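Student: Predicted model, plus sequence, below.
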Amino acid sequence: MKILFVTVKRNMGCSGASLYVNRIVSYLKDMGHNVKMLSISHEPSLASSYFLGMSDRFQKKIESILSYLKPEKVLIDDRVLPALWKIAKNKRLSSFYSYALLYKWESSKEPVSLAGYVTQELKKTTAKAANGIITSHPLIKNKVVEVCGDGCSVTVLPPGFDRLYRHTEEVFIKKKAHLPEFNILFVGNILNHKGLDLLLTALSYIRKKGIKKWKLNVAGSAAIDPSYVLRIREEIQSLSLANHVNLLGMVDDYTLADLYEKSHVVVNMSNMMEMGVATGEGFCYGTVPIASKTLGAKYWLENAGIWLKPNDLKSLSLVLYDFITDREKYLEYSLRAYRMHKELPAWKDSLKKALHILTE
């Protein structure tokens, strides 16, 4: 089968969305399918998306590539969807059997900006015109159904949580729970919506209460949003957290597995509807997620984590304080996560489902 994937070239950072796509593409290739990648040089901004959609030249270029390659299926990356709104509106997308991949969705009833609202509307226009929609997030499926009713075919394709699996004995989980230093992990590119600044503020409150035996490791690219990273560095200094926080940059999978293995919790307070797969990749090590309710991972991990409203600073501070000072309470959650890890979605099952969707 000939498959064309329309995506965005990303040179800096690795996200859950890119991991998700790369896994699907690699699997399809391994199964003998002819997969071509059509990459736009960078993620279009709102203005770029709107004007690219209006541009006859851009539309004709996309259509000529599709006509030349004659793919049997077309997968369209979430980040490209807004730029294809005019093609979708003119019903030219229906000439090809296409799937829209949705990773993120505006979670607020009142969008944070006009740009966010318009981008979402452009994305919506293209997604509705596709033959099918694939998302990893159950709540995004609900949102799409709200928008277009039964007119859209939406499939939830869960991410796998077993990428960093290592066999770990329960005795290790119990021993880690009572180590003197409490290790906190943040996994993700350093971006404004991920809530790292909220986490730093919460930890500064804990430090003021005299709790000093803790460490925060931040694993993710600092190159995507330099101005926000500068703000984070300034906050670390102004809150007197320099001796407690390590900004590690991007790390390889072996290093990341080591970080999960020694970490007590992984924190992601994102204010967007996105996957949050990193919150569940440490379950085999008993690493407990403290995370935002907006994350799709909550659907599978809810019974073994703490799920908070995205900007709930008070609750985040209280949970961290309780876990650091009451290790038996922490251990209950850690053992629950550890004992759940074999029940979580695995990549092999998700990839087989992806293949079934595309070949049925």
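Tutor: Yes, it's here.

Student: going forward, measure contacts between C-alpha atoms and count neighbours the same way
Tutor: Noted.

Student: Report the secondary structure state of Thr119.
Tutor: helix (DSSP: H, G, I helix; E, B strand; the rest coil).

Student: how about the helices in this protein?
Tutor: Under the criterion DSSP state H, the chain contains helices at 16-30, 46-54, 56-69, 85-89, 114-129, 138-148, 170-177, 196-208, 226-238, 253-262, 298-301, 313-325, 327-340, 347-359.

Student: what does the fourth one contact?
Tutor: When you say that, I think you mean helix 85-89. The contact list for helix 85-89 (Cα atoms under 8 Å, 6 or more residues apart in numbering) reads Tyr50, Gly53, Met54, Gln59, Leu93, Ser94, Leu122, Lys123, Thr125, Thr126, Ala129, Ala130.

Student: Would you mind checking the residues you listed for buried ones?
Tutor: Tyr50, Gly53, Met54, Gln59, Leu93, Leu122, Lys123, Thr125, Thr126, Ala129, Ala130 (16 or more other Cα atoms under 10 Å).

Student: between the contacts of helix 85-89, which is nearest Ser221?
Tutor: Nearest to Ser221 among the contacts of helix 85-89 is Lys123, at 26.1 Å by Cα to Cα.

Student: For Asn311, give its distance to Ser292.
Tutor: 8 Å (Cα to Cα, to the nearest Å).

Student: Between these two, tell me which one has more neighbours.
Tutor: Using other Cα atoms under 10 Å, the more surrounded residue of Asn311 and Ser292 is Ser292, with 27 against 15.

Student: partner residues bridging the more buried one?
Tutor: Using DSSP bridges, the bridge partners assigned to Ser292 are Leu308.

Student: tell me the contacts of it?
Tutor: Asn268, Met269, Ser270, Asn271, Trp307, Leu308, Lys309, Pro310.

Student: Farthest pair within those?
Tutor: Applying Cα to Cα across those, the maximum distance is between Asn271 and Trp307, 12.4 Å.

Student: Could you export stretch 77-94 as CSV, CA atoms only?
Tutor: Presented in CSV, the C-alpha positions along stretch 77-94 are these (Å, rounded to 0.1, in the frame of the first residue of the first chain):
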residue,chain,number,x,y,z
ASP,A,77,-0.1,15.7,10.8
ASP,A,78,-1.9,17.8,13.4
ARG,A,79,0.5,20.7,12.8
VAL,A,80,-0.2,20.9,9.1
LEU,A,81,-4.0,20.7,9.3
PRO,A,82,-4.6,24.5,9.7
ALA,A,83,-2.7,25.2,6.5
LEU,A,84,-4.9,22.9,4.4
TRP,A,85,-8.2,24.5,5.4
LYS,A,86,-9.0,25.9,2.0
ILE,A,87,-8.2,22.7,0.2
ALA,A,88,-10.6,21.0,2.7
LYS,A,89,-13.3,23.6,2.3
ASN,A,90,-13.2,23.3,-1.5
LYS,A,91,-13.7,19.5,-1.1
ARG,A,92,-10.4,18.8,-2.9
LEU,A,93,-9.2,16.7,0.0
SER,A,94,-12.0,14.2,-0.7
